[in-house]
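Student: predicted structure and sequence below. I'll ask about it afterward.
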Amino acid sequence: MEKTTLYLSPELRRSLHAAAVRQRRSQAELIREALTDYLGKLQRPSMPWIGMGEDDEVSGATSEDFLRSRWSGE
């Protein structure tokens, strides 16, 4: 793990400290858990271009056959 520094408002720091005491866990553990939960819920970027050129008549096999016929001079 790597160490990092956070600046917290006094209210947030007091809340974090109180939660750590209540749960008998370290503040660092609570912060890691909260960040893991938050970042896990973020929407991952989509890749809208995937499937744009989709064609029911063209497949990997048919495109390879086409290329073979063009390259071999058939």
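Tutor: Arrived safely, thanks for sending. Residues are numbered from 1 along each chain as shown.
Student: just the helices in this protein please.
Tutor: 10-23, 27-41, 60-72 (DSSP state H).
Student: quick one, which of those helices is nearest to residue 54?
Tutor: Minimum separation from residue 54 across the helices of the chain (Cβ to Cβ) falls at helix 60-72, 12.3 Å. C-beta here means a position set from N, CA and C on the backbone, and glycine is covered the same way.
Student: and residue 32, what does it touch?
Tutor: The contact partners of residue 32, by Cβ atoms under 8 Å, 6 or more residues apart in numbering, come to none.
Student: report the separation between it and residue 1.
Tutor: 8 Å (Cβ to Cβ, to the nearest Å).
Student: on that earlier part again, want to throw the helices of the chain into a markdown table with mean pLDDT?
Tutor: Output for those, formatted as a markdown table (pLDDT from 0 to 100):
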| stretch | mean pLDDT |
| --- | --- |
| helix 10-23 | 98 |
| helix 27-41 | 95 |
| helix 60-72 | 79 |
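Student: turn the ones you listed into CSV, including distance to residue 54.
Tutor: What follows is the helices of the chain, written out as CSV (distance: least, Cβ to Cβ, whole Å):
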stretch, distance to residue 54
helix 10-23, 48
helix 27-41, 30
helix 60-72, 12
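Student: okay, the residue nearest to the spatial centre of the chain and residue 38: tell me how far apart.
Tutor: With distances taken as Cα atoms, centre = their mean, residue 44 lies nearest the centre of the chain, 5.1 Å away. Distance check for residue 44 against residue 38: by Cβ to Cβ, it reads 14 Å.
Student: residue 57 now?
Tutor: Applying Cβ to Cβ to residue 57 and residue 38 gives a distance of 45 Å.
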